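1. Prediction below, plus the sequence it came from.
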Amino acid sequence: MNRDLVLHDWVVAAVALGAGVLAALLLRAVLRRLEVHARRTRWTGDDVIVDALRTVVPWGAVLAGAAAAATALPLSSRWEGIANRSLTAVFILVATLTAARIIAGLVQSVAASRTGVAASASIFVNITRIVVLTMGVLVALETMGVSIAPLLTALGVGGLAVALALQDTLANLFAGVHILASKTVQPGDYIRLSGGEEGYVVDINWRNTVVRNLSNNLVIIPNGRLARTNMTNFTHPEQRLSILVQVGVGYESDLEQVERVTLEVVDSVMADISGGVPDHEAAVRFHTFGDSRINFTVILGVGEFSDQYRIKHEFIKRLHQRYRAESISIPAPIHTVSLQGEDVRPTGPVPAPPVPHQRDGSSTLPADRVR
């Protein structure tokens, strides 16, 4: 300290700090107005930027006021250096947190715009946030006078040991990055695994993939397993699907009439029911002479995988009603079982017929049995 502290020094420092706090409040109010304006735009990136600036700008004003207050005080060069380095390190940390929020928010916004869903692949968001925070902490330590070279060496050696201990976790991490980079699966896709698990992909994080099935339950699948298993993606390359419905009519039916009526029902379902594809070209394909009816396949179009249940439901209802009106029968399978009696003959000796008896107790035998 070059001289003793006087009241004037404290007043100047308090005024500088108060000015910083007042500037922070004013800037926060201005940024709040900008946030309202940013919500009216179609791009979500400006919302992320303004929301992050609402944190860093007021804190920057407060730190600037604190730095001005420290300069107004008659501090020694040693304490002045400590104060400057500390304030600079705090500002770097605040700026790092803000940068991490902005970059992570922009990555999430880009991922959401490409997938068309609100959720995004959080694995990229988390990786981006960790990288930015790590760089900011290292810069802050260097500003405080802490040498980061030994720290980086220790992190390298420790990272090797951690990598060996966390092989499964790292395998899931790189599998998730590979899945997203190759665009095999993206949030919002409807997938089905060879093991039977199916549903909409909600999120792909650093360890697993979260799938929401049609019963609104979450299925957690490790990324490594998802990368190794056989999988069907019902969203790519096109979200629209063609579904098949099997129908059969009696042999006495007029097939030309059956085809015409069925196509009319398909067109009405495609036009009236949500999830149908109005421009879908309906098709009827006869293919089998069955035991009691002629079988054919009706090809319907749906907007996405979950729409098929509603479309099938309405199509079968309308088709049954229309067939009844047109007197077109849908016979049930009939099986005739014929049971034939067998000629059962005895395999042992035939017993002799009973011998008739006289009233006096004697018996009369046929002549061929008297010996």
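-> That came through fine. Predicted model, so just to flag it, every value in this text is computed and none were measured.

2. Can you tell me the SS state at T41?
-> coil (DSSP: H, G, I helix; E, B strand; the rest coil).

3. any idea how far V48 is from it?
-> As judged by Cβ to Cβ, to the nearest Å, T41 and V48 stand 12 Å apart. Every C-beta, even on glycine, is put in place using the N, C-alpha and C of the backbone.

4. who has more neighbours, those two?
-> Using other Cβ atoms under 10 Å, the more surrounded residue of T41 and V48 is V48, with 20 against 10.

5. Could you confirm that one falls within a strand?
-> No: V48 is assigned helix when assessed by three-state DSSP, not a strand.

6. quick one: pLDDT of it?
-> At V48, the model reports a pLDDT of 70.

7. What of G156?
-> For G156, the model assigns a pLDDT of 66.

8. ditto for F286
-> For F286, the predicted pLDDT is 94.

9. Run through the residues that contact it.
-> 255, 294-296 (Cβ atoms under 8 Å, 6 or more residues apart in numbering).

10. Check the gap between it and I328 for me.
-> From F286 to I328 the distance is 14 Å (Cβ to Cβ).

11. and what of G250?
-> G250 is 8 Å from I328, by Cβ to Cβ.

12. quick one, which of those two is more surrounded?
-> The residue with more neighbours, out of G250 and I328, is I328; 19 against 13, by other Cβ under 10 Å.

13. how about the more buried one, secondary structure?
-> Once three-state DSSP is applied, I328 turns out coil.

14. hang on, it packs against E259?
-> No: using Cβ atoms under 8 Å, I328 is not in contact with E259, being 10.9 Å away.

15. related to what we said a few turns ago, wait, which of the contacts of F286 is closest to V269?
-> Checking those against V269 with Cβ to Cβ, the nearest one is F296 at 16.8 Å.

16. how close does the residue lying closest to that closest one once chain neighbours are set aside get to N295?
-> Nearest residue to F296 in three dimensions, chain neighbours excluded: F286, at 4.2 Å (Cβ to Cβ, 6 or more residues apart in numbering). Distance of F286 to N295, computed by Cβ to Cβ: 7 Å.

17. same thing with Y251?
-> In terms of Cβ to Cβ, Y251 sits 11 Å off from N295.

18. now A70
-> Where N295 is concerned, A70 sits at a distance of 88 Å (Cβ to Cβ).

19. between these two, who's got more neighbours?
-> Neighbour count, other Cβ under 10 Å: between A70 and N295, A70 has more, with 19 against 14.

20. From E142, how far out is that one?
-> 21 Å.

21. Can you show me the strands along the stretch 201-350 of the chain?
-> Assigned by DSSP state E, counting those that start in this stretch, the stretch 201-350 of the chain shows strands spanning 208-212, 218-222, 231-233, 241-249, 283-289, 294-302.

22. List the strands paired with the first one, with their directions.
-> Right, strand 208-212. Sheet partners assigned to strand 208-212 using DSSP bridges are listed as strand 198-204 (antiparallel), strand 218-222 (antiparallel).

23. before we move on, the earlier item: give me the common contacts of F286 and I328.
-> Counting by Cβ under 8 Å, 6+ apart, nothing touches both F286 and I328.

24. Quick check: the residue nearest the centre of the chain vs I191, distance?
-> In the chain, the residue lying closest to the centroid (Cα atoms, centre = their mean) is V201, at 1.4 Å. Distance, V201 to I191, by Cβ to Cβ: 6 Å.

25. Mind listing the shared neighbours of these two?
-> 185, 211.

26. ok, now how distant is the spatially closest residue to S194 that is not a sequence neighbour from I191?
-> By the measure of Cβ to Cβ, 6+ apart, the closest residue to S194 outside its immediate chain neighbours is N230, 4.1 Å from it. Separation of N230 from I191 (Cβ to Cβ): 11 Å.

27. Can you pick out the residue with more neighbours from those two?
-> I191 (22 against 8).

28. close enough to count as contact, that one and V210?
-> No: counting by Cβ under 8 Å, I191 does not reach V210; the two are 11.8 Å apart.
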